[in-house]
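Enquirer: Sequence and predicted structure, then a few things I'm wondering about:
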Amino acid sequence: MKKKILAMTLIAVCATALWGCSNTDTGSDSTSAAAASEAETDETASDGTVKMTVGAVVEQTSLDPAQISDFGSYQVTAQICDQILGVDKDGNVVDGLVSCETEDYMTYTLKVKEGVLFSDGTELTAEDVAFSIEHLMDLETASSYAALFASVESVEATDTYEVTITLSQPDTAFEISLTYCYVFSKAAYEEAGDAFGSAEGGVIGTGAYQLEAWDQGVSTTLVKNEYYDGIDNVDIDEVEVMYFSDTSSLLLALKSGQVDFWIEPDSGMNGDISALDNVTLNMVEDRTTATQLVCFNTETGPFSDVNVRKAVSAMLDTSVMMESQYGEGYYTEAANLLVSPGSYGYAEDGLAELAAETTGYEYDVEAAQEYLAQSDYPDGFSCNVMCWGDSASYNMCIAIQDALKALNIEVEVVQQTAEEAVAASYGFSTDENGYRTYDMFVCLWSSSYNEPLDFYEPLVATSSCGMGGCNIACYSNTAVDELLAAAKMEADESVKAEEVTEMCSLVMDDAPYLIVGYKNVTLALNNRFVYEDFSASWVSNLSYAEIELAE
């Protein structure tokens, strides 16, 4: 008897992702990279077209679904292309362009919906789905998602509307990987050639919107896809994504009404946004799904020493770091678990108990000194810390730099663009010896899923240490790998929960990551609009088509 896969989950990313929710405001000129006059806005409204303007400080680097690790790319591409499998607001996997069945968790059969049309009017078939998966698996595309498909042996279009995927070993939650796969037209890909995903070549998908224009450095315009099923129920006819040089100018645009939508706005501006009369700062309080991290590169250098990692962890006051950047009420204090409270899932009892036993490495200067004295670097050392460039992460880097001076640890702060940070954190850019170029990396990791392994597999599996893998700490532990593999193959959730809890405890002891805190998800939205389905799972289900005009 076949089991229909509806809500079994695994694996992540900004996804934030790490998965790239980056807002930059570190002293740059407050000059908008794009601007629209009130007269133009009025003219648009007068012809009956409903337009929403999205503000962003990170422009997409590509519209290629294999390249959407940064949120700038995701927030556009995800409107054009639909997922193979979707994610609901509670973090459960649901049918998308396909339904998914398996008998043994090694062979997955995807039934493609019939009658679905691409924005060029051609029909979606199994060939498009299979090709999209293979494209995502291909390391030659520099795909940030390739590691998620490491166990795939074959992908085959076995009928016009059927795809068969064979794995090398059972994976009870493989369908989570499929939620990262956005489908595009194979024929359009072949026609575009090297221009695929660029401003010139674009991408053809089945989503509610299609690319109208991409004026690089200025804005991207999306318009309704007339072939989208249910397009008559979509309120917003046109979406313009405008790019700003810094978050200060974006805030002014939000205040003036030039910008309507800002997802995960700069956390330091929560108070300013809440005070605006024309905007509501929406916040998901009942399900925290984002973890603020300090990642230690355990592969080489001083942070390969566990006592160094513990010394630095004890020297940082995580409560002060979170409150100073996010503000009271916008975060939950850290336990020493990578997984945030909103993603405990079936392991909730065990993980909640484990979390209650620790509040992370509490700020303790004497303990930090003792750890360092026991390390191979008792007299201190020099290192660097890298970040995406959002103000919260950058300011945390400065706090780390200041705090570690007391241990005679000299820290260089390295600020990266979103594209550079993705390359570094996924192992695509390394030094001459093949090592990643950071000693510490500060980032925000989000998961849409009600599944703890969605945090742990990408961040702790040895298989995720290489190029294309997002084990940012380059952490490797045989016992952790064995428990992870066992949990992925285990269908009994009570047994799986025990394995996951034991694995989390081992990772906690090794301290490859310092958990600074868990951030609440926020959205700044002009009061002209309502987004009732906005949820903590937004990284995997953000849809402009679901935003409605306020009554």
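Expert: Arrived safely. The model shown is predicted, which means the values in this text are computed figures rather than measured ones.

Enquirer: Residue 437 reaches residue 431, doesn't it?
Expert: Yes: using CB atoms under 8 Å, residue 437 and residue 431 qualify as a contacting pair, with a distance of 5.5 Å. C-betas here are computed from N, CA, C, even on glycine.

Enquirer: what comes up buried for the longest helix along the chain?
Expert: Ranked by number of residues, the top helix in the chain under DSSP state H is helix 493-510. Residues 496-505, 507-508, 510 are the ones in helix 493-510 that count as buried (16 or more other CB atoms under 10 Å).

Enquirer: Let me know how buried the closest residue in space to residue 522 that isn't next to it in sequence is, in neighbour terms.
Expert: The shortest distance from residue 522 to any non-neighbouring residue, by CB to CB, 6 or more residues apart in numbering, is to residue 283 (4.9 Å). By other CB atoms under 10 Å, the residues close to residue 283 number 15.

Enquirer: picking up where we left off before, which one among the buried residues of helix 493-510 gets closest to residue 61?
Expert: Closest to residue 61 out of the buried residues of helix 493-510 is residue 507 (31.3 Å), distances taken as CB to CB.

Enquirer: Not counting its neighbours along the chain, what's nearest the closest one?
Expert: In space, residue 507 comes closest to residue 460 once its chain neighbours are excluded; the distance is 5.5 Å by CB to CB, 6+ apart.

Enquirer: from memory the one you found sits against residue 483, does it?
Expert: No: Residue 460 lies out of contact with residue 483 (CB under 8 Å); the separation is 10.0 Å.

Enquirer: before we move on, back to that, in this structure the residue nearest to residue 522 contacts residue 330, no?
Expert: Yes: in this structure, residue 283 is within contact of residue 330 by CB under 8 Å, at 7.1 Å.

Enquirer: Can you check which residues contact both of those two?
Expert: 520, 522 (CB atoms under 8 Å, 6 or more residues apart in numbering).

Enquirer: if we can go back for a sec, what distance separates the following helix or strand past the longest helix of the chain from the centre of its chain?
Expert: Counting by DSSP states H and E, the element after helix 493-510 in chain order, helix or strand, is strand 513-519. Here strand 513-519 is found 15 Å from its chain centre; the criterion is CA atoms, centre = their mean, to the nearest Å.

Enquirer: what angle separates strand 513-519 from helix 493-510?
Expert: Put simply, strand 513-519 runs at 120 degrees to helix 493-510, going by axes from the mean of the first three to the mean of the last three CA atoms, to 10 degrees.

Enquirer: who does strand 513-519 touch, helix- and strand-wise?
Expert: strand 290-296, helix 306-315, helix 318-326, strand 331-333 (3 or more CB pairs under 8 Å, 6 or more residues apart in numbering; DSSP states H and E).

Enquirer: Please pull out the lowest mean pLDDT helix or strand from the chain.
Expert: Across the helices and strands of the chain, mean confidence by mean pLDDT, DSSP states H and E is lowest for strand 3-4: a mean of 34.

Enquirer: shaky segments in the protein?
Expert: 1-46, 142, 144, 359-361, 389 (pLDDT under 70).

Enquirer: about what we covered before: show me the common contact partners of residue 460 and residue 483, please.
Expert: Common neighbours of residue 460 and residue 483 (criterion: CB under 8 Å, 6+ apart): residue 503.

Enquirer: The two - which one has more neighbours?
Expert: residue 460 (27 against 22).

Enquirer: what sits against the more buried one?
Expert: Taking CB under 8 Å, 6+ apart, one finds 338, 471, 473, 475, 477, 480, 484, 503, 507, 512 in contact with residue 460.

Enquirer: hmm, back to that, and residue 437 and residue 431? Which one has more around it.
Expert: Per other CB under 10 Å, whichever of residue 437 and residue 431 has more neighbours is residue 437, with 17 against 9.

Enquirer: Report the separation between the more buried one and residue 227.
Expert: Distance of residue 437 to residue 227, computed by CB to CB, to the nearest Å: 45 Å.

Enquirer: Next: residue 374.
Expert: 64 Å.

Enquirer: cool, residue 468 as well?
Expert: Residue 468 is 33 Å from residue 227, by CB to CB.

Enquirer: what does residue 413 give?
Expert: From residue 413 across to residue 227, the span is 48 Å (CB to CB).

Enquirer: likewise residue 268?
Expert: The value you get for residue 268 to residue 227, if CB to CB is used, is 42 Å.

Enquirer: Who are the packing partners of the longest helix of the chain?
Expert: Under the contact definition 3+ CB pairs under 8 Å, 6+ apart, helix 493-510 sits against helix 348-356, helix 453-460, helix 478-489.

Enquirer: how about a cut-off of 6 Å?
Expert: If you count contacts as 3 or more CB pairs under 6 Å, 6 or more residues apart in numbering; DSSP states H and E, helix 493-510 packs onto helix 348-356, helix 478-489.

Enquirer: What helices and strands are in contact with the first one?
Expert: Applying 3+ CB pairs under 6 Å, 6+ apart, one finds that helix 348-356 contacts helix 493-510.

Enquirer: do the longest one as well
Expert: Using 3+ CB pairs under 6 Å, 6+ apart as the contact definition, the elements that helix 478-489 packs against are helix 493-510.

Enquirer: Okay, angle between the helix it packs on and helix 348-356 too, please.
Expert: Using the same axes, to 10 degrees: helix 493-510 against helix 348-356 is 20 degrees.

Enquirer: Quick one: distance of helix 493-510 to the chain centre.
Expert: With CA atoms, centre = their mean, you get 23 Å for helix 493-510.

Enquirer: quick revisit: helix, strand, or coil at the residue nearest to residue 522?
Expert: For residue 283, the secondary structure call by DSSP: H, G, I helix; E, B strand; the rest coil comes out as strand.

Enquirer: heads up, I number from 9, so please use that
Expert: Got it, the first residue is 9 from now on, which makes the last one we talked about residue 291.

Enquirer: List the contacts of residue 353.
Expert: 458, 459, 460 (CB atoms under 6 Å, 6 or more residues apart in numbering).

Enquirer: do the same with residue 137
Expert: 120, 171, 191.

Enquirer: any chance of those in a markdown table, with neighbour count too?
Expert: Formatted as a markdown table, the contacts of residue 137 follow (neighbours: other CB atoms under 10 Å):
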| residue | neighbour count |
| --- | --- |
| 120 | 24 |
| 171 | 26 |
| 191 | 27 |
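
Enquirer: which one of the residues you listed sits closest to residue 80?
Expert: For the contacts of residue 137, the closest approach to residue 80 (CB to CB) belongs to residue 191, at 20.7 Å.

Enquirer: Now the closest one: closest residue in space, sequence neighbours ignored.
Expert: residue 140 (4.5 Å).

Enquirer: give me the element the one you found is part of.
Expert: Using DSSP H and E, residue 140 falls in helix 134-145.

Enquirer: Give the buried residues for that helix.
Expert: Buried residues in helix 134-145, counted by 16+ other CB under 10 Å: 134, 136, 137, 138, 139, 140, 141, 142, 143, 144, 145.

Enquirer: burial count for residue 70?
Expert: Using other CB under 10 Å, residue 70 is surrounded by 23 other residues.

Enquirer: Could you tell me whether it really is in a strand?
Expert: No: if the criterion is three-state DSSP, then residue 70 is coil and not within a strand.

Enquirer: who's in contact with it?
Expert: By CB under 6 Å, 6+ apart, the neighbours of residue 70 are 81, 205.

Enquirer: now with 8 Å?
Expert: Going by CB under 8 Å, 6+ apart, residue 70 touches 76, 81, 85, 205, 206.

Enquirer: and what of residue 373?
Expert: Contacts of residue 373 by CB under 8 Å, 6+ apart are 322, 323, 414.
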